[in-house]
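Colleague: let's see this in three dimensions:
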Amino acid sequence: YLGANSVTMTDQPGVIEILSENAKQLNAYNNLFDTKVKIGELLWGAKEARKYTQDHNGNGYDILIGSDLIYAHEFIEPLVSTFETLSEQTHKISKKHAIVFMAVIRRFKWEENFFNLMKNKFVQSKELEVGDICIYKYVRKEDVQLQNNEALSDNKD
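Modeller: Reported below is the predicted structural model:
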């Protein structure tokens, strides 16, 4: 728990019960599961992801976190589409899109397709590398452009 007002945790339908049971362990810390966490099923793709943008009252997410999600080449495009959809709304306060953090162990050449597709909407940076595990950060291109414009404006003043 890092001070979030709410946390949405998702997984595939067959493992939601396990996710929920694991997340309930957060109740040992001021009942965080009961007060902050929402569990839901998510099959990747824009249509399914839109349920979570509509359910979020039109307010974008701050952060999207994924781990070990690249496991079959046929799911790469739906995974990228999910990240694009979940990050397309801006947050009402910050006016920025969600930042995506993704932990990955790169095993196969075909996984490169994920990274190439993410470059369409995101700027990628490798934030951490420990052994064969890498954590990548993805920021929407429009937010990077806005940040660059703000920096230029500040330098003119």
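
Colleague: let me know the distance separating the residue positioned nearest the centre of the chain from L43.
Modeller: The centroid of the chain falls nearest to L64 when counting by CA atoms, centre = their mean (2.2 Å). Distance, L64 to L43, using CB to CB, to the nearest Å: 16 Å. Just so you know, the C-beta spots here come from the backbone N, C-alpha and C atoms, and that holds for glycine as well.

Colleague: give me the number of residues near K95?
Modeller: Using other CB atoms under 10 Å, K95 is surrounded by 10 other residues.

Colleague: again, but for the one 3 residues further on
Modeller: The number of residues packed around A98, counting by other CB under 10 Å, is 23.

Colleague: tell me where the model's unsure across this structure.
Modeller: For the chain, residues meeting the criterion pLDDT under 70 lie at 1-2, 55-58, 151-153, 155-157.

Colleague: quick one: the strands in it?
Modeller: Under the criterion DSSP state E, the chain carries strands at the ranges 7-11, 37-41, 63-67, 99-105, 122-130, 133-140.

Colleague: among the ones you listed, which comes closest to V80?
Modeller: strand 122-130 (9.1 Å; CB to CB).
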